[in-house]
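# Pasting the sequence and the predicted model now:
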Amino acid sequence: MITGEMKNRVDSLWTMFWTGGLTNPLDVIEQITYLIFIRDLDLNDSRRKHLRDI
């Protein structure tokens, strides 16, 4: 079970999606997955640029 800070973050994300019109939990999970994927792509790109500059 998720508790503490992580639960608060998930609840906050859920509230943002809910107020934005996404009320289906599967749609919300899909959007969160896309956001995590895009974040990982950005982090990897930043690391590659940093390694190139060294």
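Arrived safely, thanks for sending.

# Tell me the buried residues in the top helix by length along the chain?
Taking DSSP state H as the criterion, the chain has its longest helix at helix 25-53. For helix 25-53, the neighbour count (16 or more other CB atoms under 10 Å) marks residue 28 as buried. (Each C-beta comes from the backbone N, C-alpha and C, glycine too.)

# as a whole number, average confidence for that helix?
Taken as a whole, helix 25-53 has a mean pLDDT of 92.

# Please renumber the chain so that the first residue is 18 from this point on.
Sure, I'll start counting at 18 from here, so that last one is helix 42-70.

# Please name every helix or strand in contact with that helix.
helix 21-36 (3 or more CB pairs under 8 Å, 6 or more residues apart in numbering; DSSP states H and E).

# Compute the inter-axis angle for the helix it packs on and helix 42-70.
Per axes from the mean of the first three to the mean of the last three CA atoms, to 10 degrees, the angle that helix 21-36 makes with helix 42-70 is 120 degrees.
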